[in-house]
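> sequence first, then the predicted structure:
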Amino acid sequence: MSPADLLSPRAAWFPRPVAAPAAEPPDPAFAPLRLVCFPYAGGTVSAFRGWQEHLGDGVAVVPVQLPGRGLRLRERPYDSMEPLAEAVADALEEHRLVHDYALFGHSMGALLAYEVACVLRRCGLPPPRHLFVSGSRAPHLYGDRADHTLSDAALREVIRDLGGLGDPDGLGAAYFDRRLPVLRADLRACERYGWEPRPPLNCPTTAFSAADDPIATPEMVEAWRPYTSGSFLRRHLPGNHFFLNGGPSRDRLLAHLGTELDAPGTTPHRKATREAPWTF
């Protein structure tokens, strides 16, 4: 990616993923399909590092960089879901990404992906080909936690119990401390969210649950079923809340995505290197 690319308006919301040395990632504007990816609370586009190589040239992975992180570190993060969803939807339309696209979100990102799809529908724009929600309870089940009000130490313990931190003296904890302000903003957006009844989406939906995820149990993830009038499938994977950050569960997730997107060139069994959830 050139300096001009880094400074382009599209790079603010949709930075191009870093490709392997021998490959250049497909241009989202011209790829047959775009997979727009939303990270978990406090997360960045690094959560989707390596996805492009797994999914191949038939799909352009489009990670969403939310304000308050990465190159947008100086921007104030949103702490309310509705204006954030509207801003993302506006950016997708402005940069002509609302055609031949699918949405993926993990945890908070799943809720945001759903709300973005609802905003796009309200604006009369094409629906996603597929909605993938991962590690997230259904929208009407949000609002029963207040983690954003916890002390730094208590919040750190919550994230560690969910599998988001390794050694408390290690690199993951250091990045976590730098992320506290944006994490609190993201959690506030989720915990103050109130679902408004509306018609279900009409796109196929796949929901992913994890065996050791206490905040998105299989029953909570299954509750996404009424949110679409299209087909619905729930897939259950091993791992904790942060299973998409590495290991066999991440490989299985990418394999399922590749199959359901029918993306040519998918390499679902490529070995993945585990990454700290809080890296940039």
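Great, that's in hand.

> buried ones in stretch 44-59?
If you call a residue buried by 16 or more other CB atoms under 10 Å, then stretch 44-59 has these buried ones: 44-56, 58-59. Using the backbone N, CA and C atoms, a C-beta is placed for each residue, glycine as well.

> and the pLDDT for residue 71?
pLDDT, the model's per-residue confidence, is 89 for residue 71.

> wait, isn't it in contact with residue 12?
Yes - in this structure, residue 71 sits in contact with residue 12. The criterion is CB atoms under 8 Å, and the distance is 7.0 Å.

> where's residue 252 relative to residue 235, distance?
8 Å (CB to CB, to the nearest Å).

> how about residues contacting the helix or strand hosting residue 102?
For residue 102, the host element (DSSP states H and E) is strand 101-106. Under the contact criterion CB atoms under 8 Å, 6 or more residues apart in numbering, strand 101-106 has outside partners 33-40, 43, 47, 62, 92, 111-114, 116-117, 126, 128-136, 244, 257, 261.

> now, which of the residues you listed lie within helices?
Among the contacts of strand 101-106, the members falling in helices are 92, 111, 112, 113, 114, 116, 117, 257, 261 (criterion: DSSP state H).

> and residue 57, how far is that from residue 30?
In this structure, residue 57 and residue 30 are separated by 11 Å, where distance is defined by CB to CB.

> and if you look at residue 37?
Using CB to CB, one gets 18 Å for the distance from residue 37 to residue 30.

> these two: which has the busier surroundings?
Between residue 37 and residue 30, counted using other CB atoms under 10 Å, residue 37 has the larger neighbour count: 24 against 7.

> correct me, but that one touches residue 48?
Yes - shown here, residue 37 and residue 48 form a contact pair, counting by CB under 8 Å, at 4.9 Å.

> on that earlier part again, give me the buried subset of the contacts of strand 101-106.
Judged by 16+ other CB under 10 Å, buried ones among the contacts of strand 101-106: 33-40, 43, 47, 62, 92, 111-114, 116-117, 128-136, 244, 257, 261.

> report the set of residues contacting both of residue 37 and residue 48.
Counting by CB under 8 Å, 6+ apart, the residues touching both residue 37 and residue 48 are 61, 63.

> what's the burial count for residue 218?
Other residues within reach of residue 218 by the criterion other CB under 10 Å amount to 14.

> phi, psi for it please.
Comment: the main-chain dihedrals of residue 218 come out as phi -50, psi -40, following degrees, to the nearest 10.

> hang on, it packs against residue 235?
No - under the criterion of CB under 8 Å, residue 218 makes no contact with residue 235, lying 10.4 Å away.

> stretch 44-60 spans what distance, first to last residue?
End-to-end distance of stretch 44-60 (CA to CA, to the nearest Å): 18 Å.

> lovely, talk soon.
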